[in-house]
Each structure stands twice: as C-alpha cells, then as structure tokens.
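Trainee: please work out how this folds:
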Amino acid sequence: MPEDIYLTQEGYEKLVNELEYLKTVKRRQLSKAVGDARSHGDISENAEYDAAKDAQGHNEKHIAELEEKLSRVRILDKDMPRDQVLIGAKVKLVDLDTEEEMEYTLVSELEADYNQNKISVTSPVGEGLLGHKENETVEIKVPAGLLKYKIIKISR
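Mentor: This is a model prediction of the structure:
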C-alpha cells in the first residue's frame, strides 16, 4: 500500500493549483501546438509535430503523477505537539561550531525548498532533528562530517 504524504495546507494548495494549471492552461497550449504543427502538412516527417506530441505526453504523465500523489495527501494537524520537532515544525537552531543561527521548516520531500529554508524530514538534517525538543543538543552525521546544533525554539 502506498505511503501517506504529509503536507502543510500551503503545500497542498500549491499542488492543487499546479494540477489545475496543467489540466487547463497547459493542456490548451499543447493542444494548440499539436494542431499548428499538424497544419504544416505531412506529420510522418514533422519534427515540430513530434515535439508537440512528446510535450503533450509529458504533461499528461505529470498530471497523472500529481493526481496520484494528491490522493495520498494527509494535511498536517495544527494540534500536533508544539514542544517537539515534527513534520511541519519551524525550528530555530544554533550551530555549536560556528555559532551561526538558522531556521528551518521541516516538510515532506514534495514541499522541500532549500531557498525557502524548507527541508525534508528525510534529509540527514531533517531526520536528525525529528523528535528532539527545545534546548537539546543534537549531533547529526552528514557526508561532510558531524554537525552539532542546539535547538533554540520550535514553533508551528
């Protein structure tokens, strides 16, 4: 049985909006491109037609994948414990070696976006933080060595 996918409400809405875009706007654009390419004559030797059909196929595959993922989504409960690092938590840390402070939100792989400080709970750092509480020191093994963090604050 496929695993549940845990998302924030924001992450869920982003996927739903992407799916809606692919099914409406993108489908129309690709259908028009196929029609335009077909109008250029013999489709057996028409690279433009082949490319348009290929793009259309990729779009349909992406739609099917999103629909499958959305069928397994569980939206994170706002009533989850706030004193523990769990998926959906925003965690403020201090690196005990460099004294640099950082803040991450722990999310599913689908929502992970390092540029927005959203890290996956399956990443080494995300996995290493799970289950810990404020003021705890955490040591996390990563390919580059050992990270030592102190958890300053957990919020949702």
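Trainee: let me know the average pLDDT across the longest strand seen in the chain.
Mentor: In the chain, assigned by DSSP state E, the strand with the most residues is strand 145-155. Across strand 145-155, the average pLDDT comes to 93.
Trainee: list the buried residues of that strand.
Mentor: 147, 149, 151, 154 (16 or more other Cβ atoms under 10 Å). C-betas here are computed from N, CA, C, even on glycine.
Trainee: the third one contacts residue 89, doesn't it?
Mentor: No - with contact defined as Cβ atoms under 8 Å, residue 151 does not count as touching residue 89 (10.0 Å).
Trainee: how near is residue 49 to residue 95?
Mentor: Counting by Cβ to Cβ, to the nearest Å, the gap from residue 49 to residue 95 is 55 Å.
Trainee: do the same with residue 145
Mentor: 12 Å.
Trainee: what's the answer for residue 156, then?
Mentor: 23 Å.
Trainee: next one: residue 107
Mentor: According to Cβ to Cβ, residue 107 and residue 95 sit 21 Å apart.
Trainee: and residue 71, by the same measure?
Mentor: In terms of Cβ to Cβ, residue 71 sits 39 Å off from residue 95.
Trainee: which of these two has more residues huddled nearby?
Mentor: More neighbours surround residue 95 than the other of residue 71 and residue 95, with 13 against 9 (other Cβ atoms under 10 Å).
Trainee: for the more buried one, which residues are in contact?
Mentor: For residue 95, the contact set (Cβ atoms under 8 Å, 6 or more residues apart in numbering) comprises 101, 102, 147, 148, 149.
Trainee: ok, those residues vs residue 44, which is closest?
Mentor: residue 102 (57.1 Å; Cβ to Cβ).
Trainee: can you list the buried residues in the host helix or strand of residue 62?
Mentor: Following DSSP states H and E, one finds residue 62 within helix 47-71. Going by neighbour count (16+ other Cβ under 10 Å), the buried part of helix 47-71 is 49, 52, 53, 56, 59, 63, 66, 69.
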